[in-house]
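Novice: The following comprises the amino acid sequence and a computationally predicted model.
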Amino acid sequence: MPESPETHVIDYRAAEQLLAARDPRGAVKLLDSVIASHPENTAARLLRARAFFAAAQLRPAELEFELVLEREPDNAFAHFALARTFERSGRPEQAKRHFRLAAALDPKPEYLKAARFESGTRAEDG
């Protein structure tokens, strides 16, 4: 069956479902063809980065999250996810920087907690 834009949308949606069903490797396989045909598609790259992370493929996840951030430097989720990737890779200083960027871009409680900015308190220089 020849590939078409519709095929890629179907593959993307199926990859979302596979990731939700805890099959990150299956999601990566589907996303590979989507990204090969549409390398500029940031949403597909972000989903593939999440799948790599879920499959404990930390280096590929890191590279994908970084590519997303090159294109969308204000993507708080991508900063947060990259920070988690660095944290799992044993690189706490790099993680801290991206946790703080995520919290600055979007002050969600989860991001603030990870950045060690608790709601109702100020980060003090000290």
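Specialist: Structure's in. What do you need? Numbers count the residues shown, from 1 in each chain.
Novice: Longest helix in the chain, by number of residues?
Specialist: Longest helix in the chain, counting residues (DSSP state H): helix 5-20.
Novice: Show me which positions of that helix end up buried.
Specialist: 8, 11-12, 15-16, 18-19 (16 or more other Cβ atoms under 10 Å). Quick note: C-beta positions are derived from backbone N, CA and C, even for glycine.
Novice: try stretch 96-104
Specialist: 96-103.
Novice: May I ask you to confirm that A27 is in contact with L18?
Specialist: Yes: with contact defined as Cβ atoms under 8 Å, A27 reaches L18; the gap is 4.1 Å.
Novice: Could you pull out the residues contacting both of those two?
Specialist: A51 (Cβ atoms under 8 Å, 6 or more residues apart in numbering).
Novice: Give the next helix or strand downstream of the longest helix of the chain.
Specialist: helix 24-37 (DSSP states H and E).
Novice: Can you name every helix or strand that that next one contacts?
Specialist: If you count contacts as 3 or more Cβ pairs under 8 Å, 6 or more residues apart in numbering; DSSP states H and E, helix 24-37 packs onto helix 5-20, helix 42-54.
Novice: and the angle for the first one with helix 24-37?
Specialist: Spelled out, that is helix 5-20. 150 degrees (axes from the mean of the first three to the mean of the last three Cα atoms, to 10 degrees).
Novice: Other residues contacting helix 5-20?
Specialist: 1, 24, 26-28, 30-31, 33-34, 37-38, 43-44, 47-48, 50-51, 54.
Novice: ditto for stretch 70-79
Specialist: Residues from elsewhere that reach stretch 70-79 (Cβ under 8 Å, 6+ apart): 42, 46, 49, 65, 68-69, 98-99, 101-103, 105-106, 108, 111.
Novice: Any stretches of this structure with poor pLDDT?
Specialist: 1-2, 117-126 (pLDDT under 70).
Novice: If we use 50, what do you get?
Specialist: Counting by pLDDT under 50, the ranges of the chain that qualify are 119-126.
Novice: Contacts only, for L58.
Specialist: Listed by Cβ under 8 Å, 6+ apart, the contact set of L58 reads 52, 85, 88-89.
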